[in-house]
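Student: sequence? don't have it. structure:
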(Lines give C-alpha, C1' and ligand atoms only; values in the text may rest on other atoms or scores of the structure.)
Protein backbone atom coordinates (compact mmCIF):
# COMPACT_ATOMS: atom_id res chain seq x y z
CA UNK A 1 0.00 0.00 0.00
CA UNK A 2 1.34 3.44 -0.94
CA UNK A 3 1.12 6.05 1.77
CA UNK A 4 0.50 9.75 1.36
CA UNK A 5 3.46 11.46 2.97
CA UNK A 6 3.42 14.89 4.52
CA UNK A 7 6.42 17.32 4.54
CA UNK A 8 7.42 21.46 4.36
CA UNK A 9 8.16 29.01 4.40
CA UNK A 10 5.25 31.21 3.70
CA UNK A 11 4.44 34.83 2.73
CA UNK A 12 0.91 36.23 2.44
CA UNK A 13 -0.47 39.52 1.19
CA UNK A 14 -3.84 41.19 1.86
CA UNK A 15 -5.41 39.48 -1.18
CA UNK A 16 -4.48 36.03 0.08
CA UNK A 17 -1.50 35.36 -2.21
CA UNK A 18 0.99 33.08 -0.46
CA UNK A 19 4.61 32.45 -1.37
CA UNK A 20 7.11 30.26 0.38
CA UNK A 21 9.49 27.35 0.49
CA UNK A 22 7.54 24.09 0.51
CA UNK A 23 10.65 21.90 0.74
CA UNK A 24 14.25 23.07 1.30
CA UNK A 25 17.00 20.94 -0.22
CA UNK A 26 20.10 19.84 1.63
CA UNK A 27 18.79 18.63 4.98
CA UNK A 28 16.53 16.04 6.51
CA UNK A 29 13.09 16.62 8.00
CA UNK A 30 11.99 15.41 11.45
CA UNK A 31 11.56 11.81 10.26
CA UNK A 32 14.86 11.66 8.37
CA UNK A 33 13.62 12.16 4.81
CA UNK A 34 15.88 13.97 2.37
CA UNK A 35 14.40 14.87 -1.02
CA UNK A 36 16.94 15.38 -3.79
CA UNK A 37 16.83 18.11 -6.42
CA UNK A 38 15.00 16.80 -9.47
CA UNK A 39 12.84 14.39 -7.45
CA UNK A 40 9.59 16.31 -7.80
CA UNK A 41 7.10 15.22 -10.44
CA UNK A 42 5.17 18.49 -10.51
CA UNK A 43 1.64 18.32 -11.91
CA UNK A 44 0.78 20.54 -14.87
CA UNK A 45 -2.52 21.61 -13.26
CA UNK A 46 -2.83 23.66 -10.10
CA UNK A 47 -1.96 21.78 -6.90
CA UNK A 48 -4.50 21.88 -4.05
CA UNK A 49 -3.76 24.05 -1.01
CA UNK A 50 -5.16 22.29 2.04
CA UNK A 51 -5.41 23.22 5.69
CA UNK A 52 -3.29 20.77 7.70
CA UNK A 53 -3.49 18.02 5.04
CA UNK A 54 -7.26 17.69 5.46
CA UNK A 55 -8.82 16.90 2.05
CA UNK A 56 -12.12 18.19 3.43
CA UNK A 57 -10.54 21.63 3.94
CA UNK A 58 -9.32 22.98 0.59
CA UNK A 59 -8.43 26.64 1.11
CA UNK A 60 -6.76 27.59 -2.18
CA UNK A 61 -4.62 26.55 -5.14
CA UNK A 62 -0.88 26.61 -5.75
CA UNK A 63 -0.44 28.04 -9.26
CA UNK A 64 3.37 28.38 -9.41
CA UNK A 65 5.67 25.58 -8.27
CA UNK A 66 9.33 25.49 -9.19
CA UNK A 67 12.48 23.70 -8.12
CA UNK A 68 15.27 26.16 -7.43
CA UNK A 69 18.78 25.54 -6.15
CA UNK A 70 17.41 26.10 -2.62
CA UNK A 71 14.30 23.93 -2.80
CA UNK A 72 10.68 23.81 -3.92
CA UNK A 73 9.37 27.41 -4.19
CA UNK A 74 5.61 27.91 -4.39
CA UNK A 75 3.06 30.65 -4.98
CA UNK A 76 -0.68 30.28 -4.62
CA UNK A 77 -3.90 32.01 -3.68
CA UNK A 78 -6.31 31.46 -0.81
CA UNK A 79 -10.02 31.34 -1.69
CA UNK A 80 -10.72 34.26 0.66
CA UNK A 81 -13.76 35.43 -1.32
CA UNK A 82 -15.41 32.02 -1.30
CA UNK A 83 -14.31 30.22 1.86
CA UNK A 84 -14.67 30.99 5.55
CA UNK A 85 -11.84 28.49 6.23
CA UNK A 86 -9.55 30.33 3.80
CA UNK A 87 -10.27 33.65 5.53
CA UNK A 88 -9.60 32.03 8.91
CA UNK A 89 -6.34 30.56 7.56
CA UNK A 90 -5.28 34.00 6.26
CA UNK A 91 -5.93 35.49 9.71
CA UNK A 92 -3.97 32.67 11.39
CA UNK A 93 -1.03 33.22 9.01
CA UNK A 94 -1.08 36.98 9.58
CA UNK A 95 -1.17 36.45 13.36
CA UNK A 96 1.68 33.93 13.33
CA UNK A 97 -0.37 30.86 14.28
CA UNK A 98 0.19 29.09 10.94
CA UNK A 99 3.77 29.59 9.80
CA UNK A 100 4.71 26.49 7.84
CA UNK A 101 4.17 24.60 4.63
CA UNK A 102 4.07 20.85 4.33
CA UNK A 103 3.95 18.70 1.22
CA UNK A 104 1.84 15.61 0.65
CA UNK A 105 3.45 13.17 -1.78
CA UNK A 106 3.96 9.57 -2.80
CA UNK A 107 7.57 8.42 -2.95
CA UNK A 108 8.35 6.65 -6.23
CA UNK A 109 12.07 5.95 -5.69
CA UNK A 110 14.04 6.03 -2.46
CA UNK A 111 17.00 4.42 -0.68
CA UNK A 112 18.01 4.13 2.97
CA UNK A 113 21.19 5.82 4.15
CA UNK A 114 21.69 5.31 7.87
CA UNK A 115 18.63 6.76 9.61
CA UNK A 116 17.70 8.78 6.53
CA UNK A 117 15.60 7.95 3.50
CA UNK A 118 16.90 9.61 0.34
CA UNK A 119 13.95 10.25 -1.99
CA UNK A 120 14.94 10.64 -5.64
CA UNK A 121 11.49 10.56 -7.27
CA UNK A 122 8.03 11.45 -5.96
CA UNK A 123 4.58 12.54 -7.07
CA UNK A 124 3.52 15.84 -5.49
CA UNK A 125 -0.15 15.58 -4.46
CA UNK A 126 -0.84 18.64 -2.31
CA UNK A 127 0.80 21.39 -0.26
CA UNK A 128 -0.72 22.36 3.08
CA UNK A 129 -0.55 25.38 5.32
CA UNK A 130 0.37 24.04 8.78
CA UNK A 131 1.48 25.10 12.24
CA UNK A 132 4.37 22.62 12.59
CA UNK A 133 5.92 21.40 9.32
CA UNK A 134 7.95 18.19 9.27
CA UNK A 135 10.86 20.16 7.80
CA UNK A 136 11.87 23.00 10.14
CA UNK A 137 12.92 25.27 7.24
CA UNK A 138 9.64 24.87 5.29
CA UNK A 139 8.12 28.20 6.24
CA UNK A 140 5.95 31.04 5.04
CA UNK A 141 8.38 33.69 3.84
CA UNK A 142 6.63 36.75 5.31
CA UNK A 143 3.13 37.63 6.46
CA UNK A 144 1.66 41.10 6.05
CA UNK A 145 -1.85 42.41 5.82
CA UNK A 146 -3.26 45.74 4.66
CA UNK A 147 -3.75 46.99 8.24
CA UNK A 148 -0.10 46.41 9.12
CA UNK A 149 1.05 48.10 5.89
CA UNK A 150 -1.16 51.15 6.60
CA UNK A 151 0.07 51.37 10.21
CA UNK A 152 3.67 51.18 8.99
CA UNK A 153 3.05 53.97 6.43
CA UNK A 154 1.41 56.19 9.09
CA UNK A 155 4.36 55.66 11.43
CA UNK A 156 6.83 56.58 8.67
CA UNK A 157 4.79 59.70 7.81
CA UNK A 158 4.62 60.77 11.47
CA UNK A 159 8.39 60.39 11.84
CA UNK A 160 8.96 62.37 8.65
CA UNK A 161 6.68 65.19 9.88
CA UNK A 162 8.47 65.37 13.24
CA UNK A 163 11.90 65.57 11.62
CA UNK A 164 10.97 68.24 9.05
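Tutor: Perfect, thanks for sending it. For clarity, every value in this text was computed on a predicted model and none was experimentally measured. Numbers count the residues shown, from 1 in each chain.
Student: CA atoms for contacts and neighbours, from now on please.
Tutor: OK.
Student: count of neighbours near the nearest residue to residue 64 once chain neighbours are set aside?
Tutor: Ranked by Cα to Cα, 6 or more residues apart in numbering and with sequence neighbours excluded, the top spatial neighbour of residue 64 is residue 75, at 5.0 Å. The number of residues packed near residue 75 is 19, by other Cα atoms under 10 Å.
Student: can you list the strands that the host helix or strand of residue 75 pairs with?
Tutor: Element membership of residue 75 [criterion: DSSP states H and E] is strand 71-78. Using DSSP bridges, strand 71-78 pairs in its sheet with strand 17-24 (antiparallel), strand 54-67 (antiparallel).
Student: centre of the chain to the helix or strand following it, how far?
Tutor: Next along the chain after strand 71-78, taking DSSP H and E as the criterion, comes helix 84-94. In terms of Cα atoms, centre = their mean, to the nearest Å, the centre of helix 84-94 is set 14 Å apart from its chain centre.
Student: name the residues that touch helix 84-94?
Tutor: Residues outside helix 84-94 that contact it (Cα atoms under 8 Å, 6 or more residues apart in numbering) are 12, 16, 51, 57, 59-60, 78-81, 98-99, 143-145.
Student: return the most buried member of the strands paired with strand 71-78.
Tutor: strand 17-24 (a mean of 26; mean count of other Cα atoms under 10 Å).
Student: the very next helix or strand once past that one - which strands sit beside it in the sheet, and in what orientation?
Tutor: The helix or strand immediately downstream of strand 17-24 is strand 33-35, counting by DSSP H and E. Using DSSP bridges, strand 33-35 pairs in its sheet with strand 116-130 (parallel).
Student: so for the strand it pairs with, what gets flagged as buried?
Tutor: In terms of neighbour count (16 or more other Cα atoms under 10 Å), strand 116-130 has its buried residues at 117-130.
Student: pretty sure residue 67 sits against residue 39.
Tutor: No. Using Cα atoms under 8 Å, residue 67 is not in contact with residue 39; the gap is 9.3 Å.
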